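Colleague: Give me a model of this one.
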Amino acid sequence: MNRRNMLYGTAAAVAGLAGATVAWWKFQPHQVEVAAPAASAAGAIGTGGSASDAFWSLSFDTPDGKNLSMSSFRGKLLLVNFWATWCPPCVEELPLLDYFYQENRDKNLQVLGLAVDQPTAVRNWLQAKPLHFPVGMAGLSGTELSKSLGNIAGSLPFTAVFSASGELLHRKVGKVLPEDLALWAKLV
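Modeller: Here you go, the predicted structure:
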């Protein structure tokens, strides 16, 4: 009986350690450099082409109800940041992204925020803390869109960087750091 309890205890400890390792890894920021997302992810946004191609055919409402077409950003390096007002790391990185945009907007670079949130919450947040770059309302479907671009867990914040020709160049899960922005600014 004592040996059986020891075996169960060891199995429970190993399972607990494995679970803690997975949880730790899941919440670490990861950056993956890619030429294109996996083909299986493309279906998540409803086309037979690549997810990157499908992204450029999308449009979103802005918080003030105007239409924001992704195709209008073609020809520029585009940083797309998925965020929400209820996500602390998201709102922490927005001032950095806004400053980066203001410093680089004359260099054929565009930052775009896609809010995975309720329109009222986003409008209220933007009234208190305005941003100089455009924001689109992705709503809950923004999670699926970010997954199709390589954000497997659907975590926030998530940033995707597209070349001027529309190719997905970089993905980052987690808060953007100044080093990330410095690297991406060199792509212009």
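Colleague: can we go C-alpha only for contacts and neighbour counts from here?
Modeller: OK.
Colleague: residue ranges of the strands in this structure, please?
Modeller: Using DSSP state E, the strands found in the chain span residues 30-33, 59-61, 67-69, 77-83, 109-115, 135-137, 158-162, 168-173.
Colleague: a markdown table for the ones you listed, including distance to Gly150?
Modeller: As requested, the strands of the chain are arranged in a markdown table below (distance: least, C-alpha to C-alpha, whole Å):
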| stretch | distance to Gly150 |
| --- | --- |
| strand 30-33 | 9 |
| strand 59-61 | 19 |
| strand 67-69 | 21 |
| strand 77-83 | 12 |
| strand 109-115 | 15 |
| strand 135-137 | 19 |
| strand 158-162 | 9 |
| strand 168-173 | 7 |
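Colleague: so can I have TSV of those strands showing distance to Ser146 and mean neighbour count?
Modeller: What follows is the strands of the chain, written out as TSV (distance: least, C-alpha to C-alpha, whole Å; neighbours: other C-alpha atoms under 10 Å):
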stretch	distance to Ser146	mean neighbour count
strand 30-33	14	14
strand 59-61	14	17
strand 67-69	17	15
strand 77-83	7	25
strand 109-115	10	24
strand 135-137	13	25
strand 158-162	7	25
strand 168-173	10	23
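Colleague: Show me what Asp61 bridges to in the sheet.
Modeller: Here Asp61 shows beta-bridge partners Asn67, Met137, assigned using DSSP bridges.
Colleague: quick one, what contacts it?
Modeller: If you count contacts by C-alpha atoms under 8 Å, 6 or more residues apart in numbering, Asp61 has them with 67-68, 136-138.
Colleague: any idea which of these is closest to Asp106?
Modeller: Closest approach to Asp106 among the contacts of Asp61 (C-alpha to C-alpha): Leu68, at 20.2 Å.
Colleague: So Val176 is in contact with Val91, correct?
Modeller: No: taking C-alpha atoms under 8 Å as the definition, Val176 is not a contact partner of Val91, at 11.1 Å.
Colleague: between these two, which one's more packed in?
Modeller: A count of neighbours by other C-alpha atoms under 10 Å puts Val176 above the other of Val176 and Val91, at 22 against 17.
Colleague: picking up where we left off before, I'd like the strands of the chain written out as TSV, with mean pLDDT and distance to Thr143 added.
Modeller: Shown next, in TSV, are the strands of the chain (pLDDT from 0 to 100; distance: least, C-alpha to C-alpha, whole Å):
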stretch	mean pLDDT	distance to Thr143
strand 30-33	39	17
strand 59-61	96	14
strand 67-69	96	18
strand 77-83	98	8
strand 109-115	97	10
strand 135-137	97	12
strand 158-162	97	10
strand 168-173	95	12
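Colleague: and of the ones you listed, who's closest to Leu187?
Modeller: Comparing these under C-alpha to C-alpha, the one sitting nearest is strand 77-83, at 7.4 Å.
Colleague: can you state the direction angle for the closest one and strand 168-173?
Modeller: Interaxial angle, strand 77-83 versus strand 168-173 (axes from the mean of the first three to the mean of the last three C-alpha atoms, to 10 degrees): 30 degrees.
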